[in-house]
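*Asks:* This is the structure alone, sequence omitted:
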């Protein structure tokens with residue numbers, strides 16, 4: 001395991017010019033970035049937060065704005081991340097880590113100031129499509145410089161032959177946010193807090209199925225951002241924008257997760273009808289989460305339980321205490337690899353969020 005990213009492994013057979021190559025969420029995983037939770041801070045309060053925070057956490061975020069997350073929870077999450085990295089290595093995956101950057105240091109533009117949050121979720125800040133790593137134009141001011149934690153790795157991959165690009169750096173002016181936003185309530189159509197002022201998107205609002213990429217509009221991803229990415233990727237890829245029964249959308253990987261060709265894990269509350277795109281696919285409905293009510297989830301719902309990571313078409317990393325998910329995976333013919341991750345879940349993600357596929361052994365194919 002390394003944080004430097006300098007000793008890169010052999011280049012991919014599919015693209016001998018690049019150490020980066022990943023087209024799907026299920027091909028054999030060979031190299032991955034695992035995030036870090038160092039110096040995690042509550043973001044400064046901003047109107048972009050209420051649309052995605054659990055209702056019971058909004059007052060907490062107001063009171064704790066700009067302060068560190070509880071040290072004991074950060075340390076517990078750090079231990080779980082390190083164990084997760086060791087498990088991946090034991091399964092034959094090369095693991096690299098980002099560099100810690102100070103999250104309490106003020107920064108800004110002529111229009112606003114902020115401090116940071118963390119570098120725990122590389123799946124949000126960076127998108128790998130084929131042999132290219134794309135830095136995303138994230139909508140939260142507290143995440144403006146998050147990709148800097150990954151710069152040593154990005155430079156190393158680029159020098160080794162990968163393509164490295166960045167979407168237009170957003171201004172994040174007040175015009176990007178709908179100051180009249182009100183909560184639509186559960187079960188109602190989503191009302192998004194971001195406007196079409198400029199392109200913005202998080203990588204976690206996209207799911208890769210070879211030549212087909214499934215996207216959703218959310219409180220951090222707008223049509224402008226999806227269109228920018230569509231044009232940037234070009235004719236090799238087909239973009240599909242889907243809507244789900246989610247009144248507070250942010251990130252698609254607790255709504256649908258492809259497990260293997262023709263097999264899709266779905267959130268039974270958000271995916272009530274089979275999208276036409278997945279006609280002929282086996283839709284596996286995620287079991288009801290078992291995270292206790294007393295366990296703090298600062299940034300996510302209990303459905304983070306379906307945020308699993310596929311190591312190939314059979315092996316899947318699953319939260320150790322989520323016995324219903326482990327049993328379901330076994331019943332569906334998969335091989336679950338248990339890993340404690342509930343303390344990390346508190347910070348808004350799970351195994352898929354905490355990683356970024358750098359290399360999966362596979363070629364560009366059509367599955368939809």
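*Replies:* Perfect, I can see it now. The model shown is predicted, which means the values in this text are computed figures rather than measured ones. Numbering: from 1, shown residues only.

*Asks:* outside of stretch 358-368, which residues touch it?
*Replies:* 9, 12-14, 19-24, 26-33, 96, 128, 130, 157, 209-212, 236, 238, 240, 261-262, 277-278 (Cβ atoms under 8 Å, 6 or more residues apart in numbering). For the C-beta atoms, the positions are set from N, CA and C on the backbone; glycine is no exception.

*Asks:* Got a quick PyMOL command for the buried subset of those residues?
*Replies:* Here is the PyMOL selection string for the buried members of the contacts of stretch 358-368, based on 16 or more other Cβ atoms under 10 Å:
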select buried, resi 12+14+19+20+21+22+23+24+26+27+29+30+31+32+33+96+128+130+157+209+210+212+238+261+278
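
*Asks:* residue ranges of the strands in the stretch 1-150 of the chain, please?
*Replies:* 28-34, 94-96, 107-109, 112-114, 126-129, 132-135 (DSSP state E, counting those that start in this stretch).

*Asks:* So which of those is nearest residue 312?
*Replies:* strand 28-34 (4.5 Å; Cβ to Cβ).

*Asks:* so who does residue 77 touch?
*Replies:* If you count contacts by Cβ under 8 Å, 6+ apart, then residue 77 has 37, 40, 120, 343, 344, 346, 347 around it.

*Asks:* Now mean pLDDT too, for the strands of the stretch 1-150 of the chain, in TSV please.
*Replies:* Below are the strands of the stretch 1-150 of the chain laid out as TSV (pLDDT from 0 to 100):
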stretch	mean pLDDT
strand 28-34	98
strand 94-96	98
strand 107-109	96
strand 112-114	98
strand 126-129	98
strand 132-135	98
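
*Asks:* Nearest to residue 297, out of those?
*Replies:* Nearest to residue 297, of these and by Cβ to Cβ, is strand 28-34 at 20.7 Å.

*Asks:* That closest one packs against which elements?
*Replies:* Identification of packing neighbours for strand 28-34 by 3 or more Cβ pairs under 8 Å, 6 or more residues apart in numbering; DSSP states H and E yields helix 71-90, strand 94-96, strand 355-361.

*Asks:* Give the pairing partners of that strand; include direction for each.
*Replies:* Its sheet considered, strand 28-34 pairs with strand 94-96 (parallel), strand 355-361 (antiparallel) by DSSP bridges.

*Asks:* and those strands, which is most packed in?
*Replies:* strand 355-361 (a mean of 24; mean count of other Cβ atoms under 10 Å).

*Asks:* so how far is that one from its chain's centroid?
*Replies:* Mean-position distance between strand 355-361 and its chain equals 13 Å (Cα atoms, centre = their mean, to the nearest Å).

*Asks:* Kindly report the same for stretch 98-115.
*Replies:* 21 Å.

*Asks:* same deal with stretch 176-187?
*Replies:* The chain centre lies 23 Å from the centre of stretch 176-187; the measure is Cα atoms, centre = their mean.

*Asks:* closest one to residue 170 among the strands of the stretch 1-150 of the chain?
*Replies:* strand 107-109 (9.9 Å).

*Asks:* Just checking: what are the partner strands of the closest one?
*Replies:* As defined by DSSP bridges, the strand partners of strand 107-109 come to strand 112-114 (antiparallel).

*Asks:* tell me which residues of the strand it pairs with are tucked away?
*Replies:* Buried residues in strand 112-114 (16+ other Cβ under 10 Å): residue 114.

*Asks:* Equivalent analysis for stretch 303-319, please.
*Replies:* Neighbour-count burial for stretch 303-319, with 16+ other Cβ under 10 Å as criterion, is recorded at 303-313, 315-319.

*Asks:* what does stretch 274-283 give?
*Replies:* 275, 278, 281.

*Asks:* you'd agree the last one is up against residue 263?
*Replies:* Yes. With contacts defined as Cβ atoms under 8 Å, residue 281 counts as touching residue 263 at a distance of 6.8 Å.

*Asks:* Low-confidence ranges, this structure, go.
*Replies:* 1-16 (pLDDT under 70).

*Asks:* Helices along that one, start to end?
*Replies:* Shown for the chain, the helices assigned by DSSP state H span residues 58-64, 71-90, 122-125, 151-159, 223-233, 323-331, 342-345.

*Asks:* Make JSON lines from the ones you listed and add distance to residue 113 to it.
*Replies:* Formatted as JSON lines, the helices of the chain follow (distance: least, Cβ to Cβ, whole Å):
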{"stretch": "helix 58-64", "distance to residue 113": "18"}
{"stretch": "helix 71-90", "distance to residue 113": "24"}
{"stretch": "helix 122-125", "distance to residue 113": "20"}
{"stretch": "helix 151-159", "distance to residue 113": "22"}
{"stretch": "helix 223-233", "distance to residue 113": "24"}
{"stretch": "helix 323-331", "distance to residue 113": "41"}
{"stretch": "helix 342-345", "distance to residue 113": "29"}
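
*Asks:* Most tightly packed of these?
*Replies:* For those, the highest mean count by mean count of other Cβ under 10 Å goes to helix 122-125, at a mean of 27.

*Asks:* And the contacts of it?
*Replies:* By Cβ under 8 Å, 6+ apart, helix 122-125 touches 33-35, 98, 119, 135-136, 138, 143, 146-147, 150, 202-204, 251, 253, 349, 352-356.
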